[in-house]
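Engineer: Sequence first, then the predicted structure:
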Amino acid sequence: MSWAWVGVAPFFVFAVLFLILPTAHLVVGSFQDADGRFTFANIVHLFTPQIVSSFWITIQVSAYSAIGGAIIGLLLAYAGVMGGLPKWVRPVLMTFCGVAPNFAGIPLAFAFLATLGRTGLVTAFLFNTFGFKLYDHGFNITSFWGLVLAYLYFQIPLMVLILVPALDGLKREWREASDILGGGAWHFWRYVAIPILWPSLAGTTVLLFANAFGAVATAYGLMGSGINLVTIMLFAQIRGDVLHDQNLGYAIALGMVVITVLSNLIYIVLRARTKRDLR
Amino acid sequence: MKRGRLVSWIIMALSAIYFFVPLACTFEFSLRLKRGTYSFAAYENVFNDYRFQESFLYSTTLSVATIIFGTLLVVPTAYWVQLKLPRIRPLVEFLTLMPLVIPAIILVFGYIRIYNSSSLLPMTSASWSTDTLLACSYITLALPYMYRAIDTGLQSIDVKTLTEAAESLGARWPSILFGVILPNLRVAIVSSAFLTFATVIGEFTIASLLDRPAFGPYLQLIGANRAYEPSALAVITFLVTWGCMGVIQLLGRGRKGGVAPTAY
């Protein structure tokens, strides 16, 4: 045993105690009944309507916020980097996008409530100025779409942060080649840029999806238990065993891990493709 | 090309509206505690609330502990991996990225079940040990970007030469690590420290599930019971976040290891 192994030992002890064991415990627990015997019952119980719908709602919120974040993020990154804007725009954009994702959770929920809640300023402004009652037209910040709108606040900047380096990788010569061959902006994007960028775009979208999937605090701050997200359900389960079945709670956790692990695997595969294409 | 620029400006303007209107509204809202006039009364209420002071102090202390112990855990690991054990690098990197894959709520679920009061390591049985568990949870959250920041920092200095120089001058490894390597990693450590602070200070999920009197659960409590104070608290949190990120930007390493997504 050399000093080097002694030096890294604390890290491995830490990783086993706080990463491996907790995850393994939940995985094993989801295949056991209350007495510790092996069973698939918990996995079967996952397919009750309430749990399936909570997974489905969470998947939808995550997917909409990821796709929305990806599209808007791409437009924003494009405008900031290649849109012909003054030079100061880019660093301002990048700085803001570095900060905005860290302003999340409960305070972000407060901000959207103060803006678009029933007594929020924009809600009041729309009514006082245009006589438009936002809440009579189906809008509610404490709803599915309200939550998606709030999630975009950290999804868009994350997309910009990850995508700007990819846009920088688009070589000027490719645009020139496209121009010389008589192609316009449409041709360049349709036949050159998007085919090159898509693994990176798709990969980042999947990453945003996983990011939203595990989120708790923003949704909890915005609507408490008013939305049937799987994370909110798990939160209640950890607090008070609302399902009256400890091992079913483990199975829900396992289901979430399966989804986030799959998302990350897809991301890794797509990222490897991006690297190969840009070489 | 002119039309393209116009489109770019429109995209920028719409995004700016989306990102700044909530901030402006939150600030305006926070000033309206007194009827008919703008005042900082909501902020006074917040600052005079002993629970605010206690929970903010608690979370600050906890984040300092997270930063110190996280750094002490990560620096030696990254150093030895770089110098002597490059073949275990993939394993170490995999482990440090795990917290980005496994949601925080899952990890804390596992902690609560494994370290409950009837287990071998009953960390949740006393408040000091639960605080320790919370700090360890935050180290786990910070691990991905802390490790990357420090590893990148190590790659930019010549670890091998520095180590050999120190050894030939008769230094033993503790003084190599703390006297030679650590000072050279100042920038990496300070940026990851501020990023950790910004993440930990308002963290809600883990603190709430471990039932500790941290700032995040306090925010949630006020949000459920007050009208204007939550906006004031959101503004304060936003300023703290900007302060932390500002320091990182000033250090010129803001992009490296960017964000900690598990805090959402």
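Structural biologist: Structure received. These figures come from a predicted structure and were not determined experimentally.
Engineer: Where does chain A get nearest to chain B, residue-wise?
Structural biologist: Of all residues in chain A, residue A:22 sits closest to chain B, at 2.3 Å by Cβ to the nearest Cβ. Every residue, glycine included, has its C-beta placed from N, CA and C.
Engineer: Secondary structure class of residue 35, three-state.
Structural biologist: All of this refers to chain A. coil (DSSP: H, G, I helix; E, B strand; the rest coil).
Engineer: meant chain B, my bad for not saying
Structural biologist: Strictly by three-state DSSP, residue B:35 counts as coil.
Engineer: Count the residues that sit near the residue in the stretch 1-150 of chain B that chain A sits nearest to.
Structural biologist: Chain A sits closest to residue B:110 of the stretch 1-150 of chain B, with a gap of 2.3 Å, by Cβ to the nearest Cβ. Using other Cβ atoms under 10 Å in any protein chain shown, residue B:110 has 23 neighbouring residues.
Engineer: Could you measure from it over to residue B:190?
Structural biologist: From residue B:110 over to residue B:190 the distance is 32 Å, taken as Cβ to Cβ, to the nearest Å.
Engineer: Could you do residue A:72 as well?
Structural biologist: The gap separating residue A:72 from residue B:190 is 33 Å, by Cβ to Cβ.
Engineer: quick one on the thing from earlier: what separates the residue of the stretch 1-150 of chain B closest to chain A from residue B:248, distance-wise?
Structural biologist: 31 Å.
Engineer: what does residue A:173 give?
Structural biologist: Distance, residue A:173 to residue B:248, using Cβ to Cβ: 35 Å.
Engineer: quick revisit: let's see the pLDDT reported for the residue of chain A closest to chain B.
Structural biologist: Note for residue A:22: predicted pLDDT of 94.
Engineer: OK, contacts around it?
Structural biologist: B:106-107, B:109-111, B:113-114 (Cβ atoms under 8 Å, 6 or more residues apart in numbering or on different chains).
Engineer: which residue sits closest to the residue positioned nearest the centre of chain B, ignoring its sequence neighbours?
Structural biologist: Nearest to the mean C-alpha position of chain B, counting by Cα atoms, centre = their mean, stands residue B:196 at 2.2 Å. Nearest residue to residue B:196 in three dimensions, chain neighbours excluded: residue B:142, at 4.5 Å (Cβ to Cβ, 6 or more residues apart in numbering or on different chains).
Engineer: what's the one you found in contact with, if anything?
Structural biologist: Contacts of residue B:142 by Cβ under 8 Å, 6+ apart are B:66-67, B:70, B:192, B:195-196, B:199-200, B:260.
Engineer: list the buried ones in the helix or strand hosting it?
Structural biologist: Here residue B:142, judged by DSSP states H and E, is contained in helix B:127-156. Neighbour counts using 16 or more other Cβ atoms under 10 Å in any protein chain shown place B:130-151, B:153-154 of helix B:127-156 among the buried residues.
Engineer: same question, stretch B:59-78
Structural biologist: B:59-60, B:62-63, B:65-67, B:69-71, B:73-78.
Engineer: what's the closest non-adjacent residue to residue B:214?
Structural biologist: Computed as Cβ to Cβ, 6+ apart, the closest residue to residue B:214 that is not its neighbour in sequence is residue B:207, at 3.7 Å.
Engineer: Can you give me the pLDDT of the one you found?
Structural biologist: Predicted confidence (pLDDT) for residue B:207: 95.
Engineer: And residue B:112, by the same measure?
Structural biologist: Listed pLDDT for residue B:112 reads 93.
Engineer: mind listing what it touches?
Structural biologist: A:238, B:124, B:209-210.
Engineer: Next, residue B:84: phi, psi?
Structural biologist: Dihedral pair for residue B:84: phi -120, psi -20, per degrees, to the nearest 10.
Engineer: what about the helix or strand encompassing residue B:62, near chain A?
Structural biologist: Using DSSP H and E, residue B:62 sits within helix B:50-83. Yes: with Cβ under 8 Å from any Cβ of the partner chain as the criterion, chain A is reached by helix B:50-83 at B:73-74, B:76-77, B:79-81, B:83.
Engineer: Would you map the helices across the stretch 1-150 of chain A?
Structural biologist: Counting by DSSP state H, counting those that start in this stretch, the stretch 1-150 of chain A has helices at residues A:3-15, A:21-29, A:41-45, A:49-82, A:89-99, A:106-116, A:121-130, A:144-168.
Engineer: and the stretch 151-279 of chain A, which residues reach chain B?
Structural biologist: Residues of the stretch 151-279 of chain A found near chain B (Cβ under 8 Å from any Cβ) are A:152-154, A:156, A:158, A:161, A:185, A:210-218, A:220-221, A:224, A:231, A:234-235, A:238-239, A:249, A:253, A:256-257, A:260-261, A:264.
Engineer: If we use 7 Å, what do you get?
Structural biologist: Within the stretch 151-279 of chain A, the positions near chain B by Cβ under 7 Å from any Cβ of the partner chain are A:154, A:158, A:161, A:185, A:211, A:214-218, A:221, A:231, A:234-235, A:238-239, A:253, A:256-257, A:260-261, A:264.
Engineer: picking that back up, identify the residues contacting the residue nearest to the centre of chain B.
Structural biologist: B:63, B:66-67, B:70, B:142, B:146 (Cβ atoms under 7 Å, 6 or more residues apart in numbering or on different chains).
Engineer: 6 Å instead?
Structural biologist: Residues counted as contacts of residue B:196 (Cβ atoms under 6 Å, 6 or more residues apart in numbering or on different chains) are B:66-67, B:142.
Engineer: Nearest to residue A:78, out of those residues: which one, please.
Structural biologist: Among the contacts of residue B:196, residue B:142 lies closest to residue A:78 (Cβ to Cβ), at 32.3 Å.
Engineer: Next one: the closest one from residue B:153, what distance?
Structural biologist: Distance from residue B:142 to residue B:153, counting by Cβ to Cβ: 15 Å.
Engineer: now do residue B:140
Structural biologist: For residue B:140 relative to residue B:153 (Cβ to Cβ), the value is 21 Å.
Engineer: ditto for residue B:102
Structural biologist: Counting by Cβ to Cβ, the gap from residue B:102 to residue B:153 is 26 Å.
Engineer: and what of residue B:56?
Structural biologist: From residue B:56 to residue B:153 the distance is 30 Å (Cβ to Cβ).
Engineer: neighbouring contacts of stretch B:37-45?
Structural biologist: Stretch B:37-45 is contacted from outside by B:30-31, B:33-34, B:228-229, B:232, using Cβ under 6 Å, 6+ apart.
Engineer: JSON lines for those residues, including secondary structure?
Structural biologist: JSON lines is the format used below for the contacts of stretch B:37-45 (three-state DSSP):
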{"residue": "B:30", "secondary structure": "helix"}
{"residue": "B:31", "secondary structure": "coil"}
{"residue": "B:33", "secondary structure": "coil"}
{"residue": "B:34", "secondary structure": "coil"}
{"residue": "B:228", "secondary structure": "coil"}
{"residue": "B:229", "secondary structure": "helix"}
{"residue": "B:232", "secondary structure": "helix"}
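Engineer: so how far is stretch A:86-97 off the chain centroid?
Structural biologist: From the chain centre to the centre of stretch A:86-97 is a distance of 23 Å (Cα atoms, centre = their mean, to the nearest Å).
Engineer: Over to stretch A:100-109?
Structural biologist: From the chain centre to the centre of stretch A:100-109 is a distance of 13 Å (Cα atoms, centre = their mean).
Engineer: got a list of contacts for that stretch?
Structural biologist: Against stretch A:100-109 from outside (Cβ under 6 Å, 6+ apart): A:153-154, A:157-158, A:217-218, A:221-222, B:198, B:202, B:204, B:219-220, B:234, B:237-238, B:241, B:259, B:264.
Engineer: next one: stretch A:121-136
Structural biologist: A:115-116, B:25, B:28.
Engineer: ok, 7 Å please
Structural biologist: The contact list for stretch A:121-136 (Cβ under 7 Å, 6+ apart) reads A:114-118, B:21, B:25, B:28-29.
Engineer: In that stretch, which residues are buried?
Structural biologist: For stretch A:121-136, using 16+ other Cβ under 10 Å, the buried residues are A:121-123, A:126, A:134.
Engineer: among those residues, which two are most distant?
Structural biologist: Put simply, by Cβ to Cβ the two of the buried residues of stretch A:121-136 set farthest apart are A:121 and A:134, 11.5 Å from each other.
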